[in-house]
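Engineer: Fold the stuff below for me.
(2 chains)
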Amino acid sequence: MIGNIQKGALKVKVSFFITCLGDIFYANAGKAAVELLERLGCEVEFPDAQTCCGQPAYNSGYHKETLEAAKHMIEVFEQSEYVVGISGSCVYMLHEYVHLFKDGSNWQKRAIALKEKTYEFSQFIVEILGIEDVGASYQAVATYHTSCHMTRLLGVKEAPFKLLENVKGLKMVDLPYRHDCCGFGGTFSVKMANISEQMVDEKISHIEETEANLLLGADGSCLMNIGGRITRQGKPVEVKHIAEILNSRGDE
Amino acid sequence: MPMHIGEKDFKKRVTKGIQDDFMRGAVRSAQERLQNRRAAAAEELGDWEEWRTLGQQIRSHTVEHLDYYLHQLSEKVAELGGHVFFAETGEEANEYIKQVVQEKNAKKIAKSKSMVTEEISMNEALEGIGCEVIETDLGEYILQIDDHDPPSHIVAPALHKNKEQIRDVFKERLDYLKTEKPEELALFAREKLREEFLTADIGITGCNFAVAESGSFALVTNEGNARMVTALPKTQITVMGMERIVPGWEELDIVVSLLTRAAVGQKLTSYITALTGPKQIDEADGPEEFHLVIVDNGRSKILGTEFQEALHCIRCAACINVCPVYRHVGGHAYGSIYPGPIGAVLSPLLSDYDEYKELPYASSLCGACTEVCPVKIPLHEQLIMHRRKIVEDEKKSTLAERIAMRGFEQIVHSANLYRTATRMAPFLTTPFAKNNVITKGPGPIRNWTDTRDLPRPTKERFRDWFKNREKQGGAV
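Structural biologist: Numbers count the residues shown, from 1 in each chain, chains lettered A, B, ... in the order given. You can find the predicted model right below:
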């Protein structure tokens, strides 16, 4: 038996939710997540009709537009057993659909059904598969960025740390002020670009204090923000999604 | 607009804030100190979440039955021989207060800290009829001495100044000769203020909470100045925002505990004063005449809307103390005497969107505010509601954004369009890409690429990889 999965039992069926940033910019994180889930005994499918969770519209106040995205995604994942996404923020948005529809409406019931089976990637491995050691190994000194929506709104705080602690060769260093936002905030990063810049610089200065050469996170959007600023400034810190580390077998 | 402070243009205010290194240093260290103290005080209780739930229930119940409790309060105050005035607007409140002041022929007014009097610009109104209004809260006193520098925080109004700056203000304006040690500064102000208390004609206070069942009101301070304001002058005026009320003493106990812990991380502040009406026959001190001014000024129009929870606020500033945006721009950048997350929610409600339409967007929606609010106001969700209102009801978003969002809507609910759009991404961005990153993006992306690289869309999307892999037999 590995974790909660009985040997020889039917495989856990997972519908993979890549998110738009993952699909377009971070295919590697998605590939790693799929490979790892399969290795941990899941049967992974990818509903090709999936689009964006609608969060950019929702957070900007375009709620009618969000409704269309929500209905589409509810339909796409209607038949899924589990939905597993690689961004805490986008997974939270799928949970938020419940509040978009009228109380007691049929759409709301369908949104509740989606919420109940939708998990963030690390959360799914720890809470549903019951696995904390995925057998990964990776040589690096790393620190981890706790993304706001994943920790505060989705409530996933421990899972990524539990998984990373068990990666052989990986030395984790605490990130000071880890509860502070990195300054992404969706459209905030372009609408309030100068404030966002101050926030990301502050985050990077804390990352530098750790002297880690690798920054990990579970949200592509935050990583794109921090990573984009790090490369612009030419700082020697690599940025990766945790899936890439958790899928690593030490051959890199 | 009386609530408004500083430069008219939001962007200019933000730039000014970001460039002010002294202010940012002062704010950063104050935030850190207050955050740590709050966290320790909350943890010490052991069941902080249950306290928050209680606080939320009390505030929700009270605001839901506000008419009942305000009626009860005013009946009680009248029974005790006090005067109650309901002011629908700030002007009405100021007119009433001016009238009382003129009837008493008062010239000098000692005042304790009050945000609602800042909101209605009461000091200016009284100065306009020739009165001298003296702020007796140390923070407010510093600001008043410094050419009426506006407050940048609702609990610690001079939080944007460091002790060296305060020393210089005292030196320049009051011939102060000592050092920047907080104790010496405070002692100096104390001596100056003592003279003022003794000679003031009228005392004006704010109100942390009124207690409906007994017609009392409570003041929470660390300096004891509010107690002086209510003890020495013969006439006292108390000004309260109409939602600053609790049903009874038991509820007062709970909200005051939440307030002191959330605001400054103290079990209790040095002084918590509760006063009930004017001096009675068998009492030794207190004012001979007492006026309670209850200010609506836009609050009742919030009742019954999706923003009603904003009226639950107990003005502890915990949300301000954790807000990263506030940390970098400072309180003045909000352009309102109510800054930070609660200010971004309240200011457009008490004023309007013309004045404050940027504030709901001055947040990364990180939710730190919602997490610490002692009465569980979903602050970041209220900001999203404002954005919805600005877009859908007020139609104040830009045409470009509306077009982009309409496009977004089309794409996200059509699998085909979405697939096409994401397939095009690497090609469309090729002209802007260099070494796998985009350093100068087009249109609104420019705001991003001015400070950050944007990764170049990968040639093979995730979905292409997955499909090809399935074709080749799936998982290996």
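Engineer: Can you tell me the SS state at residue A:230?
Structural biologist: helix (DSSP: H, G, I helix; E, B strand; the rest coil).
Engineer: so what pLDDT did the closest residue to chain B within the stretch 151-252 of chain A get?
Structural biologist: For the stretch 151-252 of chain A and chain B, the shortest gap (Cβ to the nearest Cβ) falls at residue A:185, measuring 2.8 Å. Every residue, glycine included, has its C-beta placed from N, CA and C. pLDDT recorded at residue A:185 is 95.
Engineer: what about it, neighbour count?
Structural biologist: Residue A:185 has 27 neighbouring residues, counting by other Cβ atoms under 10 Å in any protein chain shown.
Engineer: Now do the phi/psi pair for the spatially closest residue to it that is not a sequence neighbour.
Structural biologist: Once flanking residues are discounted, residue A:185 sits nearest to residue B:364: 2.8 Å by Cβ to Cβ, 6 or more residues apart in numbering or on different chains. Here is the backbone geometry of residue B:364 (degrees, to the nearest 10): phi -90, psi 10.
Engineer: sorry, back to before: hmm, residue A:195 and the residue of the stretch 151-252 of chain A closest to chain B touching each other?
Structural biologist: No. Between residue A:185 and residue A:195 there is no contact under Cβ atoms under 8 Å: 9.2 Å.
Engineer: residue contacts, residue 54?
Structural biologist: Picked chain A for this. A:65, A:66, A:68, A:69, A:70, A:73, A:93, B:412 (Cβ atoms under 8 Å, 6 or more residues apart in numbering or on different chains).
Engineer: Oops, wrong one, chain B.
Structural biologist: Contacts of residue B:54 by Cβ under 8 Å, 6+ apart are residue B:254.
Engineer: In terms of helices and strands, where is whatever residue of the stretch 51-200 of chain B ends up closest to chain A?
Structural biologist: Distances between the stretch 51-200 of chain B and chain A by Cβ to the nearest Cβ are smallest at residue B:52, namely 14.5 Å. For residue B:52, the element it lies in under DSSP states H and E is helix B:48-64.
Engineer: That helix: how far from the chain's middle?
Structural biologist: 19 Å (Cα atoms, centre = their mean, to the nearest Å).
Engineer: Please put the alpha-carbon coordinates of the helix or strand just after that helix into CSV.
Structural biologist: Next helix or strand after helix B:48-64 toward the C-terminus (DSSP H and E): helix B:66-79. Output of helix B:66-79 as CSV, limited to C-alpha atoms (Å, rounded to 0.1, in the frame of the first residue of the first chain):
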residue,chain,number,x,y,z
LEU,B,66,-29.4,49.8,14.5
ASP,B,67,-32.6,51.9,14.7
TYR,B,68,-33.7,50.0,17.8
TYR,B,69,-30.4,50.5,19.7
LEU,B,70,-30.0,54.2,18.6
HIS,B,71,-33.5,54.9,19.9
GLN,B,72,-32.7,53.2,23.2
LEU,B,73,-29.5,55.1,23.5
SER,B,74,-31.0,58.5,22.9
GLU,B,75,-33.9,57.8,25.3
LYS,B,76,-31.4,56.9,28.0
VAL,B,77,-29.2,59.9,27.4
ALA,B,78,-32.2,62.2,27.5
GLU,B,79,-33.4,60.6,30.8
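Engineer: just checking, what packs against helix B:66-79?
Structural biologist: Packing contacts for helix B:66-79, counted by 3 or more Cβ pairs under 8 Å, 6 or more residues apart in numbering or on different chains; DSSP states H and E, involve strand B:83-87, strand B:245-246, strand B:289-295.
Engineer: do that again at 7 Å, thanks
Structural biologist: strand B:83-87, strand B:245-246 (3 or more Cβ pairs under 7 Å, 6 or more residues apart in numbering or on different chains; DSSP states H and E).
Engineer: tell me which element the closest residue to chain A within the stretch 201-350 of chain B is part of?
Structural biologist: When scored by Cβ to the nearest Cβ, the stretch 201-350 of chain B has residue B:328 as its residue closest to chain A, at 4.0 Å. Element membership for residue B:328 (DSSP H and E) is helix B:324-329.
Engineer: Would stretch B:447-458 count as contacting chain A?
Structural biologist: Yes. Using Cβ under 7 Å from any Cβ of the partner chain, a contact is recorded between stretch B:447-458 and chain A, made by B:447, B:448, B:450, B:451, B:452, B:453, B:454, B:455, B:457, B:458.
Engineer: Export only the CA atoms of that stretch, formatted as PDB.
Structural biologist: Only the C-alpha atoms of stretch B:447-458 are listed here, as PDB (Å, rounded to 0.1, in the frame of the first residue of the first chain):
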ATOM      1  CA  ASN B 447       3.200  48.000 -17.600                       C
ATOM      2  CA  TRP B 448       4.400  44.500 -16.700                       C
ATOM      3  CA  THR B 449       7.500  44.400 -18.900                       C
ATOM      4  CA  ASP B 450       8.600  47.800 -17.700                       C
ATOM      5  CA  THR B 451       9.800  46.100 -14.500                       C
ATOM      6  CA  ARG B 452       9.600  42.400 -15.100                       C
ATOM      7  CA  ASP B 453      10.400  39.900 -17.900                       C
ATOM      8  CA  LEU B 454       7.500  37.900 -19.200                       C
ATOM      9  CA  PRO B 455       8.200  34.300 -20.200                       C
ATOM     10  CA  ARG B 456       7.700  33.500 -23.800                       C
ATOM     11  CA  PRO B 457       4.800  31.200 -24.400                       C
ATOM     12  CA  THR B 458       6.200  27.700 -25.000                       C
END
